[in-house]
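Peer 1: predicted model and sequence below, questions to follow.
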Amino acid sequence: MSDSAETSPEVMLQFYRMLYPFKSIFTWLNQEHTPKELFTNREFAFTLQGDVYLRYNCFSNAEELKKQVCALNPTRFEIGPMYSSRPSERKLARSVKSGKLFTPLKRELVFDIDMTDYDGVRTCCTSAGICERCWAFIANAVRVLDSALRTQFGYHQLLWVYSGRRGIHLWVSDDEAMGLTDELRRAVVGALTVIEGGKEMAKKVNVRGIGTKSHPGDLPPSLWHARDEGKKMWQPLLDDQECFLSEDGWRTLLKLVPDKKIVETLEQRWEKQPGIRSSKKWVELEAEVKGTGARNMAALDDIILQYTYPRLDAEVSKHRNHLLKAPFCVHPKTGRVCVPVDPNYVGNFNPNAVPTVMQLLQELDKAGEGANWEHTSLKPYVDMLDRHVMGILDDVRRRERARAVLQNDLNW
């Protein structure tokens, strides 16, 4: 697809003027209808035609943001933290005479999951490619990470957003998450990171407790759900991706088996029968492992985790000042809009069915004069964001009522 045709400056300007949901984005970031520092001190960065990059932009309201976006007509724009001062006044804030500081204070806890990080385990696509088959990896990552953040950390204001091409982003807007320091963000990411090690390291899952020669150590309870979700998708995954069909694939699998005798047995068998399907190889591995002790049984669970657990881009999540592409931007390579994704139905999501900017403009033209995003296939996605925002606003009102009650009690 030619990005010059799908996302030309003329097309993008029409999209920003007629379709982009600036008011919804404003309320989501501001967490109130009336502008406050959570929006006015927020950094926006613009990528212009020719890869010109403009940072430290800030705005007083949704109308100002829309006006500047339409004036600059960026290929995309990114959202950063709320700073202690307005980003446009950062030089003054940093001056010694002012006595002020320019530091990030609040920011959503964000995560980025990219399909290219699964190139070592998927076989249907590589690099920037993505299809419904390998989307199963992303869907599982969403289910696992969404559950972990809700049950282990108590967060519930989670907005999942398709990246427009081959991945997915997560924005966590709970008040506690917004205030996390960089150190605490690193701690959260560390607690959620399971897959570690480069290409040269075969075994990338090393999360069990202290074990003995015969016992491998227990799998942390925090990973039980991830293991169970991985088991649910394991058989369909083997049938679909055929991870162990090739010699490289099954040899990689055997490197994760700790019992040398089992490895030698299966290696000899599979060398003689190169066409054995992945699912059959797994059944044969299970049969060899059965009755040989807890360490080998635990290795099977670790293998499933290694192939299915979310692969996080940790650097995106660790720092408050990290910029992340705004929801509803258009990906310049695909022309697809970065739309919200319902985690409850992520398995049914088809990245190749997401509306493109050209499709939306055609729908708008067909709807006639005065039409907006409500008359296009963008509507269900904006509605999803608006429902999410209502939940955030409800949380804000509850916190304000609780503070008022506490203040009355103190005054009494």
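Peer 2: Arrived safely, thanks for sending. The model shown is predicted, which means the values in this text are computed figures rather than measured ones. Residues are numbered from 1 along each chain as shown.
Peer 1: buried stuff in the host helix or strand of Lys66?
Peer 2: Applying DSSP states H and E as the criterion places Lys66 in helix 62-72. Residues of helix 62-72 classed as buried by neighbour count (16 or more other C-beta atoms under 10 Å): 62, 64-66, 68-69, 72. Every C-beta, even on glycine, is put in place using the N, C-alpha and C of the backbone.
Peer 1: give me the below-cutoff pLDDT ranges for this protein.
Peer 2: 1-4, 93-100, 409-412 (pLDDT under 70).
Peer 1: specify the beta-bridge partners of the residue most central in space within it.
Peer 2: By C-alpha atoms, centre = their mean, the chain has its centre lying nearest to His169, at 2.8 Å. On the basis of DSSP bridges, His169 takes part in beta bridges with Asp112, Val161.
Peer 1: show me the contacts for it.
Peer 2: The contact partners of His169, taken as C-beta atoms under 8 Å, 6 or more residues apart in numbering, are 110-113, 160-161, 163, 324-325, 338.
Peer 1: are any of those buried, and which?
Peer 2: 110-113, 160-161, 163, 324-325, 338.
Peer 1: can you name the two of the residues you listed that are farthest apart?
Peer 2: Farthest-apart pair in the buried ones among the contacts of His169 is Phe111 and Cys338; separation 14.6 Å (C-beta to C-beta).
Peer 1: can you show me the helices along the stretch 51-200 of the chain?
Peer 2: 62-72, 90-94, 135-151, 175-178, 182-192 (DSSP state H, counting those that start in this stretch).
Peer 1: closest to Thr103 out of those?
Peer 2: helix 90-94 (9.0 Å).
Peer 1: which elements pack onto the one helix or strand Met233 maps to?
Peer 2: Here Met233 sits within helix 224-241, counting by DSSP H and E. Helices and strands touching helix 224-241, by 3 or more C-beta pairs under 8 Å, 6 or more residues apart in numbering; DSSP states H and E, are helix 135-151, helix 278-289, helix 294-308.
Peer 1: okay, angle between the very next helix or strand once past it and helix 224-241 too, please.
Peer 2: Downstream of helix 224-241, the first helix or strand assigned by DSSP H and E is helix 247-254. If you take axes from the mean of the first three to the mean of the last three C-alpha atoms, to 10 degrees, helix 247-254 sits at 160 degrees to helix 224-241.
Peer 1: ok, and what's touching helix 247-254?
Peer 2: 123, 202, 242-244, 263, 266-267, 270, 274, 278, 281, 285, 303.
Peer 1: just say which of the helices of the stretch 51-200 of the chain is most tucked in.
Peer 2: helix 135-151 (a mean of 20; mean count of other C-beta atoms under 10 Å).
Peer 1: top helix in the chain by residue count?
Peer 2: Counting residues, the longest helix found in the chain (DSSP state H) is helix 379-411.
Peer 1: same for that helix, what does it pack against?
Peer 2: Looks like helix 379-411 contacts helix 22-30, helix 175-178, strand 340-341 (3+ C-beta pairs under 8 Å, 6+ apart).
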